[in-house]
Every structure is written in structure tokens, then in C-alpha cells.
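> I need the structure of the sequence given here:
(4 chains)
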Protein chains: 2
Amino acid sequence: MSRALARKLSNFLELTDQDKTYLDRITFARETVPADRDIVGFGEVPATMFVIERGMAIRYRVLRGGERQILSFMLPGDLCDLNVFLLKKMDHNVASLEELEMSRIRRDDVLKTYFKRPRIAAALWWSALQAEAISREHIVALGRRRARSRLAYLFFDIYWRLKAVGLAEDNVLNLPLTQAEIGDALGLTPVHINRVLKELVEEGLIDKQRGQVQLLNTEALQKVADIDDHYLHLDAPPREIASYFHDLERLTDVSN
Amino acid sequence: MSRALARKLSNFLELTDQDKTYLDRITFARETVPADRDIVGFGEVPATMFVIERGMAIRYRVLRGGERQILSFMLPGDLCDLNVFLLKKMDHNVASLEELEMSRIRRDDVLKTYFKRPRIAAALWWSALQAEAISREHIVALGRRRARSRLAYLFFDIYWRLKAVGLAEDNVLNLPLTQAEIGDALGLTPVHINRVLKELVEEGLIDKQRGQVQLLNTEALQKVADIDDHYLHLDAPPREIASYFHDLERLTDVSN
DNA sequence: CGTCATCTTGAACATGTTCAACAGTGGTGG
DNA sequence: CCACCACTGTTGAACATGTTCAAGATGACG
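Presented below is the predicted three-dimensional model:
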């Protein structure tokens, strides 16, 4: 059922057919969500975890004054949240940015995975780690980068992540965001986003049209962004860890 | 050996004497680190995880231009990182802010804990979750709050966390930070920190002297910070989760 | 074809930065 | 014990980046 999840996890380890079958079995209730709908609301106690299958979602917080801060973007294959299982209630919202498809994974099945399918659990853990690395980069961007730099960083973040799940052509990315939403992610006003975006286009660094951005000069743009492509930690885990989980799984009941 | 860790984890679940003995057994190599030393450097592959026993540390990144962004503060009982185990190399540094004591936990012992002591593993997982909630709040602060608000937020963050491990008297917190370091955490310049700090003192909201901050009017200050105290998720996990791990542990070999 | 959201642009403004100078403070060695 | 040094904190003035407010243009969609 969940092609996206398998695709994402296979960045971390090679999935056997058996693994893929297992993932198919625990993902269920695939559904289509219209654009701009809250998927999980502040204060709720989510009973299942879910996976984005198609489309883009955000996690965000709204402050008392009504300002919004987007905490992260969720792309196909991303999980939300390995975490919320232990929390009593959500401290933020999750919403669709466009029409998307998602499916669910039961809390029980996640817990069981931890003990019955250590390799897959390790891959899930890994994807949580990657999310944290992304979140660290977000903090750096908001704390210590100027507007142009934040924008460039955003493009690369999304581009590399889309690319990692095979959803971006070379130097082109779909970005179904209004300028206000970009501002909410980067801690800037829509007006300023508009201006800086215009600059980047005029300088020939990017081109844009209808929710699509083309990176015209990646080298220069990456200099503007001041990042390298290592922070995503998309490469496989250290060998010893991988083999630890592999060995462990051989000793474990994999029958269900 | 590790009083701090047990103290912290007991916020999440009741630790039996056996649990405490187990934690003692897996923490080792307690050592004292002088102030302003890198504990784990960028690019390194950490072989062990560690726990802060006494004192304060930071995780930080340095940009090409030399600007620094502090990613998080690490207080006694905090782990660094449940995460790095799966990463090939560190994408940030960890350093001591003052003289501190830390001890280590072997990678193997962490992995074994996951399968042999599910309850403790759940508590470790929980503490990783809490760290993420803190990091979400950091993003909100940097993205959508003004300087006064960020400062007030920082005081509460550290205060509540210190309080949770029994290390803060009422409305007083030790904050062994220079104004430059506060700036590096909040995405502001030292000069501006100085000015806003002065404002807060003149308004009678706080008092400060020698690395110590007193919260004089918590109600007003919390309004300035625009946060509530729920985000730390210090309360226990949902009952069903707790009992799941409890049951699981009864079926598991706890002998070593 | 009308309506709503989004985008675009200008001008005045605010918050925070930069640069620079000096004061306090703690630690070190003579 | 004092003198010196380095780091931290403090303050002012000019400046820059990004915000706010406001108005109009464009575009998507029924």
C-alpha cells in the first residue's frame, strides 16, 4: 500500500520483498485529503501515526497574536510522528498544503515493529533522526541567516528531500506554497518574501512559475544558502549498526 | 553512578531500584570537563553516548562566516544523543559552558536496552521526544518572536527544565551564559541582548547577577514570553503506553 | 464575468545591527 | 599585593534589514 514509505526507508537500508510486504501490511486506511485541511489538531491525542503518500503537508504552531510558524514540511514518505505516541497531546497542528494522500499505521504495529522487525524499526528511527537534522538546519537558518539565504536554503532542503524519494527532476522542484506560507516557514513577512524572490529571479539564480521553482545556478545559489548537502544524512548508517540490526532480526520471530 | 539520568527519567515513569541499578551499571567513565571545551566535534563519529551529570553544555553549529548558532542547551540528566548512533558523523558540535561532569553509555548498552529493558528504553525515547518539543519551541521563538519575547522564553525554558531535575530554587535559575552566548542561542547580537536585558531589569521583570537570574514577576514575564508550561511534556505518558511497556518487560529477560 | 486570494509595489517606519569606545571584572604572573 | 591583560559588559550614533500599511494588479475558479 505504501510505496512512498518503502521508497524513503530504502535510502537507509535495502528492503527485502518480505520487508516491503510487512510495510504494506501495517499501512492501512489510505485516504485523500483536500488542500488546506488540518490533519491533526493542537491538543488532540492522535491514535495512529500516518505516512504521506502523495502531496505536501506542514506541521505548524499558531501564537496568541495569530502569527503562524511552520515547523517543518512533510513530503511523501515522511512519517508523522514516530513521536506523538508518547505525548499526551499534540503541541502543534499538521495540515495539508495541497490535495494529498496519506495512510495510517496503528500505534500497536509501530510498537510491535520495534521488537519484531528491528531492521525496519532502525530505519524508522533513522528517518526520525533525519527529521531532527532538518530541524537543526531550520534553527540555524532562522537564527543566523538573512532573508536571501533562508530562501535559498529552503529551496535546497525541499529539493534534496524530493530528489531522495524520486520526486524531483533535475534542478526543478514543485513547491505548492504561497508566499505567505514561505514567510511562515522562514520567519519573514510575505511582502519581504516577494521582494527577495524577485531579486533571486532578477539575478538569474532561480526561475519560478505556478508552484514550481527551477534552480538555474545551483552553485551560486548554494553559496547564497551557505549549506552543503551532507546535513540531510541521506546516506546509509555506519556498517556496524546496520549489521547489528540485521543479526538481531535473524534471531527474531519474523513470521508476523 | 548517574544520579542525574535517573532523576530525569523518573519524570516519565517510576523507576524501581532494579531500574536504578541498571542505569548505574550502563553509565561509566564519569569525568570532569573544564569550561569551554568541545566534548564532541563536528565531523566526529561518536562511539558512545553521554549524559550530563553536573553543569551545562550546548550543541552548536558554526557557519562559514564564523557566526555561531546554539541549537540547544544540555542540562543535567540530558542525553547526547540518542541519535548520533545512526549518523555517520556529527553535523554539529557539543561543548561545555562551564566546568561539568559527564558519564558515558556504550552504544551496545543502548541498543540492548531497547530489547531487554523496554520500560527504560521508552523513558529514553520519551526524553528524546521532550528534546524535540523543546526544539520546536526554539523554532517558534526564532521565527516569530521579538527580542524581549525570546529572552523571556529562554529564561522559562531553562528554569522549567532545571526545576524538573530539582536544580532550581523558586524563581531563581543559574544561567552560566555570556551575553554573546545568549545571542547565539536566540539569533541576536550581544549588544542587543545587553539592551533588552537592561529593559527587563528596569521594568522589574527580572533581576540578574553573576550568572544567576531571578524571575521577579513570572506572570508578566510569561506574558512577554507568550508560552505556556505544557510544551515540556513533563507529565507521564498515556496510561496504555506505559502499561504496554510494563507488560512487555514482564515477558522479557531482565536478568542482565 | 465577478470574486477572492495571492501577488506586487511604494513609502514610512521599527527593530535590531554595526562600529566604536570605554568600563568593569577576574585571573595571572611578577 | 599590585599591575596587567583578556574577556565581558555597557553605551551611543549611524545604519541596514525587514515590517507595516496601503493600494492596485494579476490570476484562479466558480
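> per-domain residue ranges of chain A.
Listed by the TED database, the domain ranges of chain A are A:1-144, A:145-225.
> nearest to residue B:12, of these?
Nearest to residue B:12 among the domains of chain A is domain A:1-144 (8.3 Å), distances taken as Cβ to Cβ. Backbone N, C-alpha and C define where each C-beta goes, glycine included.
> Quick one: distance of the closest one to the chain centre.
Here domain A:1-144 is found 7 Å from its chain centre; the criterion is Cα atoms, centre = their mean, to the nearest Å.
> Got the confidence number for residue A:69?
Here, the pLDDT recorded for residue A:69 equals 98.
> Let's verify it: helix, strand, or coil?
strand (DSSP: H, G, I helix; E, B strand; the rest coil).
> swap in residue A:72?
Reduced to three states by three-state DSSP, residue A:72 is strand.
> thought it was touching residue A:132?
No - proximity of residue A:72 to residue A:132 does not meet the contact threshold set by Cβ atoms under 8 Å, at 10.1 Å.
> With neighbour numbers in mind, choose between these two.
Neighbours were counted for residue A:72 and for residue A:132 using other Cβ atoms under 10 Å in any protein chain shown; residue A:72 has more, 21 against 18.
> element containing the residue found closest to residue A:13 once you drop the neighbours it is linked to in the chain, please.
Closest residue to residue A:13 in three dimensions, ignoring its sequence neighbours and counting by Cβ to Cβ, 6 or more residues apart in numbering or on different chains: residue A:123, at 5.4 Å. Per DSSP states H and E: residue A:123 is located in helix A:118-144.
> So for that helix, mean pLDDT?
Rounded mean pLDDT across helix A:118-144 is 91.
> Show the contacting residues for the residue nearest to residue A:13.
Contact analysis of residue A:123 by Cβ atoms under 8 Å, 6 or more residues apart in numbering or on different chains lists A:9, A:12-13.
> Among the residues you listed, which one sits closest to chain B?
Using Cβ to the nearest Cβ, residue A:12 comes nearest to chain B of these, at 8.2 Å.
> how much space is there between that closest one and DNA strand C?
34 Å (Cβ to the nearest atom of the strand, to the nearest Å).
> where's the residue lying closest to residue A:57 once chain neighbours are set aside relative to residue B:223, distance?
Nearest residue to residue A:57 in three dimensions, chain neighbours excluded: residue A:74, at 4.2 Å (Cβ to Cβ, 6+ apart). Using Cβ to Cβ, to the nearest Å, residue A:74 is found at 32 Å from residue B:223.
> what about these two, which has more around it?
A direct count of neighbours by other Cβ under 10 Å for residue A:74 and residue B:223 places residue A:74 higher, at 27 against 14.
> can I assume that one is in contact with residue A:58?
Yes - here residue A:74 reaches residue A:58: they are 6.7 Å apart, a contact under Cβ under 8 Å.
> burial of residue A:187, as a residue count?
23.
> Can you tell me, leaving aside adjacent residues, what's nearest to it?
The shortest distance from residue A:187 to any non-neighbouring residue, by Cβ to Cβ, 6+ apart, is to residue B:143 (3.3 Å).
> swap in residue A:192?
residue A:147 (5.9 Å).
> all strands for the stretch 151-256 of chain A, in order.
Using DSSP state E, counting those that start in this stretch, the strands found in the stretch 151-256 of chain A span residues A:172-174, A:206-209, A:212-215.
> any idea how far DNA strand C is from the residue nearest to residue A:192?
12 Å.
> ok, that residue - contacts?
Contacts for residue A:147 (Cβ under 8 Å, 6+ apart) come out as A:186, A:188, A:192-193, A:196.
> same thing with residue A:122?
A:12-13, A:237, A:241-242, A:245, B:86.
> DNA strand C versus that one, what's the distance?
Taken as Cβ to the nearest atom of the strand, the span from residue A:122 to DNA strand C is 40 Å.
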